[in-house]
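Q: Would you be able to build a 3D model of this:
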Amino acid sequence: MIGVQGGSAIRFCQHCLTADYCINGEIRTVSGIFCDARAIAHETSNIQLTIARIRNIKKAHNSVNHEPFFTTIDHSHIVPPALHLLMALVNKLIQYFKNTRLEEIIRELKVDPVQGRSEYDGNSCRKIVKYFCDNKPESVDEIPMFHFFKTAAKIQEFSTAKNLTNSEIDQCGDEIKQLFDDLDGLRNFKFNNKLHILRFHVMPFIIAHGSWGLFSEQGIERLHCLVNEYRKRVSSKNGHKKNIYAIKMLILGTFFHDFKCC
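A: Sure thing, here's the model as predicted:
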């Protein structure tokens, strides 16, 4: 929708131009994406180019994929997705602290990873975090694990659907800063694109808009299957055209629903 490639790209962030998970980069702009998209279109106009060559051209132009669908929305209004960022944090903690005790806790909670994957969905992550909030470590070895999951729970509290007070905004910023100061101290902890967004782009958004959870993606998660179905109806390999068709169909469906059309 915004014209940039996904989390596996060299410049993976939808908010900035960094190529390092632990470094904040120059903020992306709509005009910058347009400029890169036009350069890509010009350089890939030769139909003899291989797929590998096209990928390298996009990589060289800040991992832009195509012109943005939304042309007048400033990047400061792009919401850091609360549900997915917190899921990423909890799953990374599970992977890092994976041990017999943690596996036992997860079995007690009767939660299973998403089918075909080793990660847990939003509801399962909330149950796991709640366990660590409601219980205490049984040994000294468990203290670090409990500390990180409790910190995740504290940050999760600021993602509820409400306006945050100035005091709450300051507390959220302190918790996020403390979290990443502590994560930086873990040996061989592996960051990813979502943790980068949590680290560098959540607080600027909250400060600008006074909330995080009010703009959460949770309410529209169920639209995934609809969007995928609409995209399949377009025979073109052009992802932009597929997205445009999906958006039009969603708008049309909303019209029929709101006006009770048959």
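Q: so how many other residues sit close to the nearest residue to residue 233 once chain neighbours are set aside?
A: Spatially, and ignoring its direct neighbours in sequence, residue 233 is nearest to residue 245 (6.9 Å; Cβ to Cβ, 6 or more residues apart in numbering). From N, CA and C alone the C-beta is placed, and that goes for glycine too. By other Cβ atoms under 10 Å, the residues close to residue 245 number 16.
Q: what do you get for residue 150?
A: The burial count for residue 150: 12, using other Cβ under 10 Å.
Q: Please list all residues in contact with it.
A: Taking Cβ atoms under 8 Å, 6 or more residues apart in numbering, we find residue 150 in contact with 132-133.
Q: and it, what helix or strand is that in?
A: helix 143-157 (DSSP states H and E).
Q: so what secondary structure elements neighbour whatever helix or strand comes next after that helix?
A: For helix 143-157, the succeeding helix or strand toward the C-terminus, using DSSP H and E, is helix 166-184. If you count contacts as 3 or more Cβ pairs under 8 Å, 6 or more residues apart in numbering; DSSP states H and E, helix 166-184 packs onto helix 143-157, helix 193-200, helix 202-209.
Q: got the angle between the helix holding residue 150 and helix 202-209?
A: 20 degrees (axes from the mean of the first three to the mean of the last three Cα atoms, to 10 degrees).
Q: buried sites along helix 143-157?
A: Within helix 143-157, the residues scored as buried using 16 or more other Cβ atoms under 10 Å are 145-146, 148-149, 151-156.
Q: For it, output the C-alpha coordinates as PDB.
A: This file holds the C-alpha atoms of helix 143-157, laid out as PDB (Å, rounded to 0.1, in the frame of the first residue of the first chain):
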ATOM      1  CA  ILE A 143      14.400 -14.100  37.300                       C
ATOM      2  CA  PRO A 144      15.700 -12.800  33.900                       C
ATOM      3  CA  MET A 145      12.900 -14.600  32.000                       C
ATOM      4  CA  PHE A 146      10.200 -13.200  34.300                       C
ATOM      5  CA  HIS A 147      11.700  -9.700  34.100                       C
ATOM      6  CA  PHE A 148      11.500  -9.500  30.300                       C
ATOM      7  CA  PHE A 149       8.000 -11.000  30.100                       C
ATOM      8  CA  LYS A 150       6.700  -8.600  32.800                       C
ATOM      9  CA  THR A 151       8.300  -5.700  30.900                       C
ATOM     10  CA  ALA A 152       6.400  -6.800  27.800                       C
ATOM     11  CA  ALA A 153       3.200  -6.800  29.800                       C
ATOM     12  CA  LYS A 154       3.900  -3.200  31.000                       C
ATOM     13  CA  ILE A 155       4.300  -2.100  27.400                       C
ATOM     14  CA  GLN A 156       1.200  -4.000  26.400                       C
ATOM     15  CA  GLU A 157      -0.900  -1.900  28.800                       C
END
